[in-house]
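**Q** Sharing a model prediction with you, sequence too.
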Amino acid sequence: MVSNSLKPDASDPAPAPSNTTELDRLRRVWETLGRDDPLWAVLSRSDKRGGRWDPVEFLETGRVEIEAQLALLAPSGYPRGRGLALDFGCGAGRLTRALAARFERAIGIDVSTSMVAAAERLNVDIGNIEFRANASPRLEHIADASVDFVFSHITLQHIPGELAAGYVGEFFRVLAPGGAAVFQFVDGSDDSLRGRLFGWASNRWLNPLRKVRWRRRAVFEMHALPEARLRGLLDRHPSLRLLDEVDDGAAGAGWRGRRWTVVNDAPLPVRIEASDHVLYVDPADVHIGGPLLAGAPHDPHVAAVLRGRLRHGDVVLDIGANIGSMALPAAVLVGERGHVIAVEPLARNCVLLARSAQASGLSNIEIVAAAASDRNGEIELRTHPSTSNSATPGASGERLRATDGATSRVRTVALDALLVERARLDLVKMDIEGMEPLAFAGIERSIERFRPFLLSEFHPWAIERATGSAPVDYLRRLLRHYAAIEVLHRDGARARCTTAEAVMDVWRRENATAGLDGRLHLDLLLDPDR
């Protein structure tokens, strides 16, 4: 199971107690329905009660429904990708199975473990399908902006309104650029006699009648989700657009059913298929994404160290993970028993990294959405639409300082606290535009405790402007913990230095040769055994 997700900020609100209670009650009802008669609970036709649904006929209804929905969408060109489809409220998996036939991968999510068990039994012959029990107000372990098609039918109408609104917000969170979300809900009761009765009587009074009529010990309820509430949620997402809104009679007489189609108009990232993982990149990214698309490897001399040093079960700390060009191959190298902690302050980079990890089937990556420093707090970073890089205002180059760039505040973390419960740390990589001295101060206790291999970018020009400290002092601090520093040249050669001054001499020579006036950085390797 893919489990990468952005670590929530401390300011993220916890689920309200009332929502948690409602969710637990909802779960208990559907657990009972899933055990008693799961197919009838999904499609409650009077002639199918008591286990009389033929499984083949049941699944065929899902195929017809999905084919019709995708045909309706086809003229709009959405969804533009066919990678991942999500069936929310999957029940016994009739729609998930149909989605698996049209997408590379389909995930069915349901609150009930008994329903998920029924879905797995019914779809055991389908290889690109996965079912998950999700008794949470969030869509757990689904990365931001990673789902090409979200579908939900005759599900939200059975969920209390506040919870249902939260799930629609989750649909919007996970919807990928170029993706489409189609979901049905009940806006309220209509003006008919039956509708006025539903509007007047609460589920507390209607449930006993439903139990008698359906001869069931547990019954599903109907809940309204006001359309005006959903418009407010949609307004929070500038890249999302309401493509279509129609009446939907699936809820039955007395209810005002609606069906929305929401699309994501954000620019599509490009998917790169590496030999052992998938990487999503922004083609406009001149520093990493664009070169990768052109076939140029990113920092091959650094990647070679990862390939040579990492073993199954290792724990890696990637500080300045960017879009994951190092974190993803590292996660493959350390395997399921290993772990990669990817620290990255830019939200758009975290989104691409998480989507890549999910598409690669890598569940051993933990993303920390923050900048590493010597203390917890906040810092300003300059960003620009044409690059995945960022830097403090003082250490920004011409591109980041341009008027069409932006300054944003991001949180900072001292990573020692994150590592205190770890049993091992085998390799640390730092590439953070001059912030390395502060990040190192924030993990120095862990360096002393674990003595990992350390890969560090060394950029004196950026260090002076980002931290106000002398670059040579950073080198001396490193040499308190390691006997020597190896400079990794881009041609694969190495220079071993035992003093900070020797490293500075290499840096000066490299810049003089390149004619870059101090703008060329070095990549350093510190080996605890040498």
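**A** Ah, there it is.

**Q** Could you list the low-confidence segments of this protein?
**A** Low-confidence segments of the chain (pLDDT under 70): 1-19, 194-220.

**Q** what's the helix or strand hosting Arg348 packed up against?
**A** Here Arg348, judged by DSSP states H and E, is contained in helix 347-360. Helix 347-360 is packed against strand 278-281, helix 327-334, strand 365-368, with contacts defined by 3 or more Cβ pairs under 8 Å, 6 or more residues apart in numbering; DSSP states H and E. C-betas here are computed from N, CA, C, even on glycine.

**Q** Among the ones you listed, single out whichever gets nearest to Gly169.
**A** Closest to Gly169 of those, according to Cβ to Cβ: strand 365-368, at 20.2 Å.

**Q** what sits up against the closest one?
**A** Residues from elsewhere that reach strand 365-368 (Cβ atoms under 8 Å, 6 or more residues apart in numbering): 4-7, 321, 324, 327-328, 331, 339-344, 350, 353-354, 357, 413, 415, 418.

**Q** Check stretch 347-357 too.
**A** Outside stretch 347-357, the residues that reach it (Cβ under 8 Å, 6+ apart) are 2, 4-6, 143-146, 176, 269, 277-282, 321-324, 327-328, 331, 342, 344, 363, 365, 367, 369, 388.

**Q** can we see that at 7 Å?
**A** 4-6, 143-146, 269, 278-281, 321-324, 327-328, 331, 342, 344, 365, 367, 369, 388 (Cβ atoms under 7 Å, 6 or more residues apart in numbering).

**Q** What of stretch 106-117?
**A** Contacting residues not belonging to stretch 106-117 are listed as 26-27, 30-31, 34-35, 38, 85-93, 96, 99-100, 119, 128-135, 139 [Cβ under 7 Å, 6+ apart].

**Q** Select from those every entry located in helices.
**A** Members of the contacts of stretch 106-117 lying in helices (criterion: DSSP state H): 26-27, 30-31, 34-35, 38, 96, 99-100, 119.

**Q** Include neighbour count and distance to Asn376 when you put these into a markdown table, please.
**A** Listed next are the ones in helices among the contacts of stretch 106-117 as a markdown table, based on neighbours: other Cβ atoms under 10 Å; distance: Cβ to Cβ, whole Å:
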| residue | neighbour count | distance to Asn376 |
| --- | --- | --- |
| Leu26 | 20 | 37 |
| Arg27 | 18 | 36 |
| Trp30 | 24 | 41 |
| Glu31 | 18 | 41 |
| Gly34 | 25 | 44 |
| Arg35 | 16 | 47 |
| Pro38 | 25 | 48 |
| Thr96 | 29 | 42 |
| Leu99 | 27 | 43 |
| Ala100 | 23 | 44 |
| Ala119 | 28 | 43 |
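
**Q** could the residues you listed go into a markdown table alongside distance to Val56?
**A** Listed next are the ones in helices among the contacts of stretch 106-117 as a markdown table, based on distance: Cβ to Cβ, whole Å:
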| residue | distance to Val56 |
| --- | --- |
| Leu26 | 30 |
| Arg27 | 29 |
| Trp30 | 24 |
| Glu31 | 26 |
| Gly34 | 20 |
| Arg35 | 22 |
| Pro38 | 15 |
| Thr96 | 16 |
| Leu99 | 18 |
| Ala100 | 16 |
| Ala119 | 15 |
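
**Q** What angle do helix 347-360 and the helix or strand that contains Gly179 make with each other?
**A** Applying DSSP H and E as the criterion places Gly179 in strand 175-189. On the basis of axes from the mean of the first three to the mean of the last three Cα atoms, to 10 degrees, strand 175-189 is oriented at 90 degrees to helix 347-360.

**Q** partner strands of strand 175-189, parallel or antiparallel?
**A** Using DSSP bridges, the strands paired with strand 175-189 are strand 147-152 (parallel), strand 255-264 (antiparallel).

**Q** Let me see the residues that make contact with the shortest one.
**A** With Cβ under 7 Å, 6+ apart as the test, strand 147-152 has contacts from 79, 81-89, 95, 99, 103, 171, 174-176, 179-184.

**Q** Check stretch 74-83 too.
**A** 102-105, 148-149, 176, 178-180, 243, 263, 268, 359.

**Q** Spit out the contact partners of the closest residue to Phe458 other than its chain neighbours.
**A** Nearest non-adjacent residue to Phe458, counting by Cβ to Cβ, 6 or more residues apart in numbering: Leu522, 4.5 Å away. For Leu522, the contact set (Cβ under 7 Å, 6+ apart) comprises 458, 487, 506-507, 510.

**Q** Tell me how far the residue nearest in space to the middle of the chain lies from Leu352.
**A** Centroid-nearest residue in the chain: Ala143, 2.1 Å away (criterion: Cα atoms, centre = their mean). Distance, Ala143 to Leu352, by Cβ to Cβ, to the nearest Å: 9 Å.

**Q** ok, now Asp282?
**A** 7 Å.

**Q** between those two, who's got more neighbours?
**A** Neighbour totals were compared for Asp282 and Leu352, and Leu352 leads with 27 against 22 (other Cβ atoms under 10 Å).

**Q** picking up where we left off before, alpha carbons only: can I get the strand holding Gly179 in PDB?
**A** Extracted in PDB, the C-alpha atoms of strand 175-189 (Å, rounded to 0.1, in the frame of the first residue of the first chain):
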ATOM      1  CA  LEU A 175      -7.600  15.800  -8.000                       C
ATOM      2  CA  ALA A 176      -4.600  15.800 -10.400                       C
ATOM      3  CA  PRO A 177      -4.000  18.500 -13.000                       C
ATOM      4  CA  GLY A 178      -6.100  17.500 -16.000                       C
ATOM      5  CA  GLY A 179      -8.200  15.300 -13.800                       C
ATOM      6  CA  ALA A 180     -12.000  15.200 -13.300                       C
ATOM      7  CA  ALA A 181     -14.100  14.500 -10.200                       C
ATOM      8  CA  VAL A 182     -17.700  13.300 -10.700                       C
ATOM      9  CA  PHE A 183     -19.800  13.000  -7.600                       C
ATOM     10  CA  GLN A 184     -23.500  12.800  -6.700                       C
ATOM     11  CA  PHE A 185     -25.100  14.200  -3.600                       C
ATOM     12  CA  VAL A 186     -28.400  15.400  -2.200                       C
ATOM     13  CA  ASP A 187     -29.000  19.100  -2.000                       C
ATOM     14  CA  GLY A 188     -32.100  18.700   0.200                       C
ATOM     15  CA  SER A 189     -35.600  17.400   0.100                       C
END
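
**Q** Can you tell me the SS state at Ala342?
**A** Under DSSP: H, G, I helix; E, B strand; the rest coil, the three-state class of Ala342 is strand.

**Q** Which residue of the protein lies farthest from its centroid?
**A** Max distance from the centre of the chain (Cα atoms, centre = their mean): Leu193, 46.1 Å.

**Q** before we move on, back to that, and the contacts of stretch 74-83, which two are the farthest apart?
**A** Among the contacts of stretch 74-83, Leu243 and Ala359 lie farthest apart (Cβ to Cβ), at 24.8 Å.

**Q** and the spatially closest residue to Val150 that is not a sequence neighbour, how many residues sit next to it?
**A** Once flanking residues are discounted, Val150 sits nearest to Ala181: 3.9 Å by Cβ to Cβ, 6+ apart. By other Cβ under 10 Å, 26 other residues sit near Ala181.

**Q** 391 is where my numbering starts, stick with that
**A** Got it, the first residue is 391 from now on, which makes the last one we talked about Ala571.

**Q** Hmm, Ala571 is touching Val652, no?
**A** Yes - using Cβ atoms under 7 Å, Ala571 is in contact with Val652, at 4.6 Å.

**Q** element containing the spatially closest residue to Arg839 that is not a sequence neighbour, please.
**A** Of all residues not flanking Arg839 in the chain, Leu815 sits nearest, at 7.8 Å (Cβ to Cβ, 6+ apart). Counting by DSSP H and E, no helix or strand carries Leu815.

**Q** got the contact list for Leu815?
**A** 705, 707, 809, 836, 840, 842.
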